[in-house]
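Q: Just the structure for this:
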Amino acid sequence: MAAASTRNILKGTPFRYPLRNEFPGRAGKLMRLAHDGRVVRVFPSWKDSDVANLQVYCTALRRDGVRVPEYDVLRAPRWDRPEKQAMYIVTESIIGERLDEIARPSELDWQLPVSKSFYRRLYEAMDELVTKLIGHYTRMVDEGGMVFSAMDESQFLYGTTRADRHPYVYFVDLDPTYKTVQPLRARDPAFNNDVKSEFEKPVNVLFEMQILHPQAKLDRAEAVARAYFALCASVFNDFYGCNAPWWSRAPNFDAYQRMKTSLIAS
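A: Have a look, this model is predicted:
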């Protein structure tokens, strides 16, 4: 498949190379090109507007320093039903692990040079990611934009593309469900509380990383998180409060509340 700007939708026939099903539970929807490892997402019902939304969202993330892999878009017959059309999002290959599935180091790991180097780089990358992600949401509090309603640590991969010299954290879920938030000056105060839980999600990512990796020093992320709490508390009623409804509570909600108290007090 020829390279193209992510703003263009290529048209043609799908892939001359085999597609491999390597993702449990996503057969026929998320596959990998056998010859170069690029990931292929298949969207039978996507329209041009969905591709445009993806472009806007990824551009905003990149603007704020959150890494997103390069991708191409192809409209072509479905791989399993040639009489039907589908949209294919073809993403560059990243060799790595999902951020929430990387095990914390053992005591032995800290004594091994290779492991120490791996975790040092991982924790630096985590600190950078959370710092940039909170900065992204900080800008959206005022300017508005598109928020991803399922944002959490499982949407990120720590690894390398072919062009990387060192591993980085990438946002890799390029089929998100969006909610549009108007600029603060144009928002009804009641709507602020409708989207409050969306703006709590980058804080959840920070806290989850601290639970998964208590050895990590996320100093920059904690500093911007404290400022972010102050900003959001001035905009939303009971921001990150302990009375959140059950449907907006993260899995470790009670632990997060204790961590919030400690963070704000520090």
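Q: C-alpha from now on. contacts and neighbour counts both.
A: Noted.
Q: Nearest spatial neighbour of residue 71, chain-adjacent residues omitted?
A: residue 91 (4.2 Å; C-alpha to C-alpha, 6 or more residues apart in numbering).
Q: I'd say residue 149 and residue 179 touch.
A: Yes - Residue 149 lies in contact with residue 179 (C-alpha atoms under 8 Å); the separation is 6.6 Å.
Q: okay, these two: which has more neighbours?
A: Using other C-alpha atoms under 10 Å as the criterion, residue 149 and residue 179 rank with residue 149 on top: 16 against 13.
Q: List the contacts of the more buried one.
A: Residues counted as contacts of residue 149 (C-alpha atoms under 8 Å, 6 or more residues apart in numbering) are 176-179, 198.
Q: For the stretch 151-266 of the chain, just list every one of the helices.
A: Assigned by DSSP state H, counting those that start in this stretch, the helices in the stretch 151-266 of the chain fall at 189-194, 196-212, 219-235, 253-265.
Q: right, and these - which one's nearest residue 44?
A: helix 196-212 (27.7 Å; C-alpha to C-alpha).
Q: Walk me through the domains of the chain.
A: Domains of the chain are assigned by automatic domain parsing as 9-93, 96-265.
Q: quick revisit: tell me which of the helices of the stretch 151-266 of the chain is the most buried.
A: helix 196-212 (a mean of 21; mean count of other C-alpha atoms under 10 Å).
Q: Identify the single longest helix in this structure, thanks.
A: Longest helix in the chain by number of residues (criterion: DSSP state H): helix 113-143.
Q: What are the buried residues along it?
A: Residues of helix 113-143 classed as buried by neighbour count (16 or more other C-alpha atoms under 10 Å): 119-120, 122-138, 140-142.
Q: Quick one: mean pLDDT for it?
A: Mean pLDDT, helix 113-143: 94.
Q: List the residues that are in contact with both of residue 149 and residue 179.
A: In terms of C-alpha under 8 Å, 6+ apart, residue 149 and residue 179 are not both contacted by any residue.
Q: do you know how far the closest residue to residue 256 other than its chain neighbours is from residue 10?
A: In this structure, residue 256 finds its nearest non-sequential neighbour in residue 207, 6.2 Å apart by C-alpha to C-alpha, 6+ apart. Per C-alpha to C-alpha, to the nearest Å, residue 207 is found 41 Å from residue 10.
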